[in-house]
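Enquirer: Coordinates for the following, if possible.
(2 chains)
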Amino acid sequence: MSSLDFSPRAYVESTIIMTTVRVVSPFVFTFGLFVMFHGAESAGGGFQGGAIVASSIIMLAFAFGIEPTREWLDDDFVRVVIGGGASTFALIGLGALAFGGPFLNYSAYGISHGVKYGIELVELGIGAIVAGVIVSLFMNLAAGFSDEETEGDEA
Amino acid sequence: MTDVQLTLFALLLAFVIFAALAAAFLRDILSAIIAFAGFSFGIALVYVLLRAPDVALTEAAVGAGVTTVLFLLTIVRTVRPGGDRLFERIKWGPAAVATVLVGVLLTTVSSLPRIGDPNSPVATSEVTRYYLENAYPQTDVENVVTAVLAAYRGFDTLGEAAVVLAAGIAVLVVLRKEVYV
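Expert: From the prediction side, this is the model:
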């Protein structure tokens, strides 16, 4: 690699970035949840909210380094989030069958405003899938940047 | 649209086309990725002006945000090409194919309805009328887009979620294999 290239050890500790991210990321995370839940009343929904939640995690990884973020946010936990989101969606659909309605017919549950709650839960499930997939894509693409990998490349 | 909005719209479209051309022709991949992020952001603003906030949010979050980060992570592993040229050399074969394709697509533009046309098929369709009238009473949800996505077309959305899940699992399996071998 020439000297101009981005080194694999691209992480540089920066007080400005760390402080900014520490302040901003909780708000971004909350905004993501807001977009997920509030998709029923205004623009938004699970896909958009999930992407915003994932970007708050990616922000943390940029500021504090990818390895510390991976230690803080276990890969298995992210996998559970993805699976949980998918099964929430599918189980809500199947639950309607159990209550004697057609698949995914939320009104079959017989709760007042059941359709609305069903939609919110489904949006949350979609958000979990999207956020989890994006975060683990990021973590796995960034996985080679540890020191052993660099030495392996140079050898 | 008012005159101000039209001017803004024209400026935005010019910016989007400029950013798209920059992304295509810049030789340095990092610059191309940044131009592409600019393109996505411009397109998101275009969607806002066209009153499609749901699509705009997705474009801004996924197009301008997440894909840019994933692209950046990927090019860290590549080597910058030598030479000081700012732009790619134009390959005339692909350029001709792209020009013909753009020409063919442009011929369809005249048959599209005007923006905000009250007689456009979408505005007068029975389906649109049904959803606008019944979405709130039937689903308690004020955003008709969400009502259609999660309730009326819930099964389709389940399929979409399954596609995201399957694609994610497939990519992760491939990536992990590469890392641990």
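
Enquirer: pLDDT value on residue 83, please?
Expert: Assuming you mean chain A. A:Gly83 carries a pLDDT value of 91.

Enquirer: Hmm, no, I was thinking of chain B.
Expert: For B:Gly83, the model assigns a pLDDT of 73.

Enquirer: what sits against it?
Expert: B:Arg27 (CB atoms under 8 Å, 6 or more residues apart in numbering or on different chains). Placement of C-beta: from N, CA and C, glycine included.

Enquirer: just checking, A:Phe31 touches A:Ile52?
Expert: Yes. Counting by CB atoms under 8 Å, A:Phe31 touches A:Ile52, with 6.0 Å between them.

Enquirer: Look at those two and report which has more neighbours.
Expert: Between A:Phe31 and A:Ile52, counted using other CB atoms under 10 Å in any protein chain shown, the more crowded position is A:Ile52 (28 against 17).

Enquirer: right, is stretch B:17-28 up against chain A?
Expert: No. For stretch B:17-28, no contact with chain A is found by CB under 8 Å from any CB of the partner chain; the gap never falls below 10.1 Å.

Enquirer: Just the C-alpha atoms of that stretch, please, in CSV.
Expert: What follows is stretch B:17-28, C-alpha atoms only, in CSV (Å, rounded to 0.1, in the frame of the first residue of the first chain):
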residue,chain,number,x,y,z
ILE,B,17,-27.6,14.9,-11.8
PHE,B,18,-24.3,16.6,-11.1
ALA,B,19,-23.6,14.3,-8.1
ALA,B,20,-24.6,11.2,-10.1
LEU,B,21,-22.2,12.2,-13.0
ALA,B,22,-19.5,12.9,-10.4
ALA,B,23,-20.0,9.5,-8.8
ALA,B,24,-19.8,7.8,-12.2
PHE,B,25,-16.7,9.7,-13.5
LEU,B,26,-14.5,10.5,-10.5
ARG,B,27,-11.5,8.2,-10.6
ASP,B,28,-10.8,8.2,-6.8
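
Enquirer: List of residues touching that stretch?
Expert: Contacts for stretch B:17-28 (CB under 8 Å, 6+ apart): B:31-33, B:35-36, B:38-39, B:42, B:80-81, B:83, B:85-88, B:90.

Enquirer: mind redoing it with 7 Å?
Expert: Outside of stretch B:17-28, the residues within contact range by CB atoms under 7 Å, 6 or more residues apart in numbering or on different chains are B:Ala32, B:Ala35, B:Phe36, B:Gly38, B:Phe39, B:Gly42, B:Arg80, B:Pro81, B:Arg85, B:Leu86, B:Phe87, B:Glu88.

Enquirer: So for chain B, the centremost residue is which one?
Expert: In chain B, the residue lying closest to the centroid (CA atoms, centre = their mean) is B:Glu59, at 5.4 Å.

Enquirer: For the residue nearest to that residue when sequence neighbours are not counted, give me its contacts.
Expert: For B:Glu59, ignoring the flanking residues on the chain, the nearest one in space by CB to CB, 6 or more residues apart in numbering or on different chains is B:Ala44 at 4.1 Å. With contact set as CB under 7 Å, 6+ apart, B:Ala44 has these partners: B:Ala56, B:Glu59, B:Ala60, B:Gly63, B:Ala64.

Enquirer: Okay then, goodbye and thanks.
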